[in-house]
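**Student:** Give me coordinates for this.
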Amino acid sequence: MATSKEQVQTTQAAGRTWMDVKSGGSNAIPEGLWLRCPQCGQMIYRKQMEANLHVCPECEHHFRISASERVRQLTDPESFEPMFTELRCADPLSFVDRKPYAARLVDEQRRTGEHEAIKAGRAFIKGRAAMLCCMDLTFMMGSMGSVVGETITRSIEAAIDQNLPLIIVSCSGGARMQESGLSLMQMAKTSAALARLDDAGGLFISVLTDPTTGGVTASFAMLGDVILAEPKALIGFAGPRVIKQTIRQDLPEGFQRSEFLQDAGLVDRVVHRRDMRSEVSRVIDYAGK
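**Tutor:** Residues are numbered from 1 along each chain as shown. Have a look, this model is predicted:
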């Protein structure tokens with residue numbers, strides 16, 4: 001039996017997806033319970049995917065996750081102590097694109113419930129104390145502005161002062177254009193702080209996730225004593241289309257993915273998300289921190 005236009009409209013207006021068009025029955029499920037994997041194309045039960053650490057159970061595609069979820073996956077329960085949460089972006093350039101930068105920040109804060117594109121603090125990872133920074137792709141594509149750079153720098157300084165290993169999980173579209181040159185300065189500032197950590201004999205574990213691009217890749221993300229990456233993460237400075245147009249040459253298949261970069265020696269190890277917590281703690285033990 002064909003479904004009338006009115007039935008479809010009523011079902012959509014109620015925020016539900018029609019499941020039994022042929023019989024005309026009332027079998028409907030709340031929208032969002034299922035999603036399609038972008039890699040294998042299979043329909044996945046969302047709760048099953050979330051229970052699997054946001055990894056597709058069919059093809060092991062690693063979905064992008066928020067900083068809060070990353071902290072929950074990596075740290076011991078209730079061990080994360082947030083730090084530097086008082087930092088807020090100014091708008092010294094009075095920047096306006098489609099909307100004023102100040103208004104965009106307020107909108108992002110309301111939408112995500114986060115104050116910035118990073119979470120940082122002291123935590124325990126399988127009983128090992130560490131300083132942890134997790135970038136948040138859900139907040140302005142994890143872009144690095146002044147607050148992100150300052151938070152990372154303060155975390156590095158805290159790791160030096162407290163003799164703790166430092167873990168930074170990168171997930172970013174690069175420098176934040178709304179802060180112009182001020183965002184680019186964060187590349188030098190974070191890199192200089194990491195040089196001080198190195199001089200102090202500290203350990204920096206850099207974890208690269210999909211995507212890690214732009215000024216983040218060109219600064220602290222690639223300066224780890226040990227660089228780990230999730231499977232098939234996009235890692236690079238500029239996008240493949242821009243690079244191809246610039247050098248006018250065909251590029252190797254997957255040349256900006258973590259597996260290719262491991263083969264090239266730019267990444268030490270590609271680690272599945274379910275093993276990342278154990279791998280980080282193992283590296284900390286190996287380094288004697």
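**Student:** what are the ranges of the strands in the protein?
**Tutor:** Listed in chain order, the strands found in the chain under DSSP state E are 16-18, 28-30, 34-36, 43-45, 81-82, 118-125, 128-135, 166-172, 204-212, 226-229, 269-270.
**Student:** out of those, nearest to residue 245?
**Tutor:** Closest to residue 245 of these, according to CB to CB: strand 204-212, at 19.1 Å. Using the backbone N, CA and C atoms, a C-beta is placed for each residue, glycine as well.
**Student:** tilt between that closest one and strand 118-125?
**Tutor:** Relative orientation of strand 204-212 with respect to strand 118-125: 130 degrees, computed using axes from the mean of the first three to the mean of the last three CA atoms, to 10 degrees.
**Student:** one step back: tell me which of the strands of the chain sits most buried.
**Tutor:** When the strands of the chain are scored by mean count of other CB atoms under 10 Å, the highest mean neighbour count falls to strand 166-172 (a mean of 27).
**Student:** Packing partners of that one?
**Tutor:** For strand 166-172, the contact count by 3 or more CB pairs under 8 Å, 6 or more residues apart in numbering; DSSP states H and E identifies helix 67-74, strand 128-135, helix 146-162, strand 204-212, helix 214-217 as packing neighbours.
**Student:** Would you format the strands of the chain as JSON lines with mean pLDDT and distance to residue 92 included?
**Tutor:** Supplementary listing: these in JSON lines, determined by pLDDT from 0 to 100; distance: least, CB to CB, whole Å:
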{"stretch": "strand 16-18", "mean pLDDT": "32", "distance to residue 92": "47"}
{"stretch": "strand 28-30", "mean pLDDT": "59", "distance to residue 92": "45"}
{"stretch": "strand 34-36", "mean pLDDT": "94", "distance to residue 92": "41"}
{"stretch": "strand 43-45", "mean pLDDT": "95", "distance to residue 92": "44"}
{"stretch": "strand 81-82", "mean pLDDT": "98", "distance to residue 92": "26"}
{"stretch": "strand 118-125", "mean pLDDT": "98", "distance to residue 92": "20"}
{"stretch": "strand 128-135", "mean pLDDT": "98", "distance to residue 92": "23"}
{"stretch": "strand 166-172", "mean pLDDT": "98", "distance to residue 92": "22"}
{"stretch": "strand 204-212", "mean pLDDT": "98", "distance to residue 92": "27"}
{"stretch": "strand 226-229", "mean pLDDT": "98", "distance to residue 92": "34"}
{"stretch": "strand 269-270", "mean pLDDT": "98", "distance to residue 92": "40"}
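**Student:** I figured residue 208 hits residue 268, correct?
**Tutor:** No - Residue 208 lies out of contact with residue 268 (CB atoms under 8 Å); the separation is 10.3 Å.
**Student:** Give the intersection of the neighbour lists for these two.
**Tutor:** Overlap of the contact sets of residue 208 and residue 268 (by CB atoms under 8 Å, 6 or more residues apart in numbering) consists of 227, 228.
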